[in-house]
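# fold the stuff below for me.
(one chain, ligands or ions: 2)
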Amino acid sequence: MIVMKPGATQEEVDAVVERVDAVGARAHVICGEELTVIGAIGDAEHVARLNLEGTPGVDHMVPISKPYKLASNQITHGARTVLDIAGRRVGGDHFAMIAGPCTIESREQTLDTARIVAGAGATMFRGGAYKPRTSPYAFQGLGQEGLRLLAEAKAQTGLPIVTEVMDARDLEAVLEVADVIQIGARNMQNYTLLAEVGRSGCPALIKRGLSSTLEELLMAAEYVLKEGNESVMLCERGIRTFETAYRFTLDLMAIPVLKEMTHLPVIVDPSHAAGRRDLVAPMSLAAAAAGADGLIVEVHPDPDEAICDAAQQLVADEFPEYLDRVRAAAAVAGKALSEEPVASGA
Ligand code: PEP
Ligand code: MN
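Ligands and ions are numbered 1, 2, ... in the order given. Just a heads-up that it's a prediction; the model follows:
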């Protein structure tokens, strides 16, 4: 990482970028408020050939010791990334409430849920059209029809859409409606899919694999970031432990620890961790108070009738009250819900 002097000129920055290119590495320029830093990404051998001693505008160089480079806190000097997702900010002081059904089932179920969560002040709408199911005999999602319903929900409520892509062959169709592509826990280490989503430039929410370490999660993010896509959110959604009293173990320690490791926003999914509706609120409050940058939760107008994840989806009519409690918990950590879209140019 090359740290430029305060007040370094654009020409000086360009000259360093040229030099980085010339040794076969890739330059990644980050313009902070006070300083510009340039990440030189490539083989250690290439980077070692960079001799920038005495180059105009260059202050000093810092080797990034972590295997994840672009995801590392070192590259932003500890500053947090704030994403702008279709006008909604996520990260820093901005808390995202992503809510919606597990899967898109019908027009009524989708639009009813979208209307209720939007009315309560949710930041984005979630819903799967392509579902990763443990059993190949289980409902696999409505596919293209589901995408069409998501587009209708977006048109009616204005909420940005978060939806999963499992197969790069569906990416083009999903990109027509998605404001955020969700990479599911089971695909966290599908590196070709990650790179493809990276190249699409669409913001990504990457869920932590069932048995993945935080470093592995950050390496997954690195695959997206490396393609020049800087809009990545990480999602803790419970990991597998020996405990069987509930579905997964929600690793809340991941929130402060990821914040030591990375500048990327950290979202928590208590629904999939718990597998039980009654655990979603307490875990949401704990995550928000612990400094999560947002939550992603499942909401259904009539959860008992849901095709998928019936036991864990919040009852839509109870969502406004739930969100009021989440707001208060987020405030404890100094964050406010990013409800209103940011006016363009703001
Ligand atoms: C989901 O969010 O719909 C989902 C399937 O989650 P996960 O990939 O975390 O299991
Ligand atoms: Mn689900």
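
# for the stretch 151-300 of the chain, what lies in contact range of ligand 1?
Residues of the stretch 151-300 of the chain lying near ligand 1 by Cβ under 6 Å from any ligand atom: 184-186, 207, 237, 269, 272. The C-beta positions use only the backbone N, C-alpha and C, and glycine is treated the same way.

# now, among the residues you listed, which is nearest to Ile64?
Of all these, Lys207 has the smallest distance to Ile64: 25.2 Å, by Cβ to Cβ.

# could you give the bridge partners of that closest one?
With DSSP bridges as the criterion, Lys207 is bridged to Cys235.

# what's around it, how many residues?
Neighbour count for Lys207, taken as other Cβ atoms under 10 Å: 26.

# does it touch Gly238 like I think?
No - using Cβ atoms under 8 Å, Lys207 makes no contact with Gly238, being 9.6 Å away.

# which neighbours do the two share?
Jointly contacting Lys207 and Gly238 under the rule Cβ atoms under 8 Å, 6 or more residues apart in numbering are Asp269.

# output stretch 50-62 as PDB, restricted to C-alpha atoms.
Extracted C-alpha coordinates of stretch 50-62, given in PDB (Å, rounded to 0.1, in the frame of the first residue of the first chain):
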ATOM      1  CA  LEU A  50       8.200  -1.200  -7.300                       C
ATOM      2  CA  ASN A  51      10.900   1.200  -6.300                       C
ATOM      3  CA  LEU A  52       9.100   4.400  -5.300                       C
ATOM      4  CA  GLU A  53      11.700   5.800  -3.000                       C
ATOM      5  CA  GLY A  54      11.800   9.500  -3.600                       C
ATOM      6  CA  THR A  55       9.000   9.500  -6.100                       C
ATOM      7  CA  PRO A  56       7.200  12.900  -6.000                       C
ATOM      8  CA  GLY A  57       4.000  12.800  -3.900                       C
ATOM      9  CA  VAL A  58       4.800   9.500  -2.200                       C
ATOM     10  CA  ASP A  59       5.000   9.600   1.600                       C
ATOM     11  CA  HIS A  60       5.700   6.000   2.500                       C
ATOM     12  CA  MET A  61       4.800   2.400   1.800                       C
ATOM     13  CA  VAL A  62       3.100  -0.100   4.100                       C
END
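
# mind listing what's buried in that stretch?
Within stretch 50-62, the residues scored as buried using 16 or more other Cβ atoms under 10 Å are 50, 52, 57-58.

# and that stretch, how far from the chain's centre?
Taking Cα atoms, centre = their mean, to the nearest Å, one finds stretch 50-62 lying 34 Å from the centre of the chain it belongs to.

# same question for stretch 141-158.
Relative to the chain's own centre, stretch 141-158 is displaced by 20 Å; criterion: Cα atoms, centre = their mean.

# now do the buried residues in it.
Within stretch 141-158, the residues that qualify as buried are 141-142, 146-150, 153-154, 157, counting by 16+ other Cβ under 10 Å.

# also stretch 255-270?
Those would be 255, 258-259, 261-270, for stretch 255-270 by 16+ other Cβ under 10 Å.

# whichever residue of the chain sits closest to ligand 1: what's it in contact with?
Per Cβ to the nearest ligand atom, Gly184 is where the chain lies closest to ligand 1, at 3.2 Å. By Cβ under 8 Å, 6+ apart, the contact set of Gly184 is 132, 164, 166, 207.

# so which pair among these is furthest apart in space?
It's Met166 and Lys207 that sit farthest apart of these, by Cβ to Cβ, at 11.9 Å.

# all helices of the stretch 101-250 of the chain, in order?
107-120, 144-157, 171-175, 191-200, 214-225 (DSSP state H, counting those that start in this stretch).

# tell me if stretch 227-246 is near ligand 2.
No - figure legend: stretch 227-246 not in contact with ligand 2 (Cβ under 5 Å from the ion); closest approach 9.8 Å.

# do me a favour and get the end-to-end distance for that stretch?
End-to-end distance for stretch 227-246: 38 Å, by Cα to Cα, to the nearest Å.
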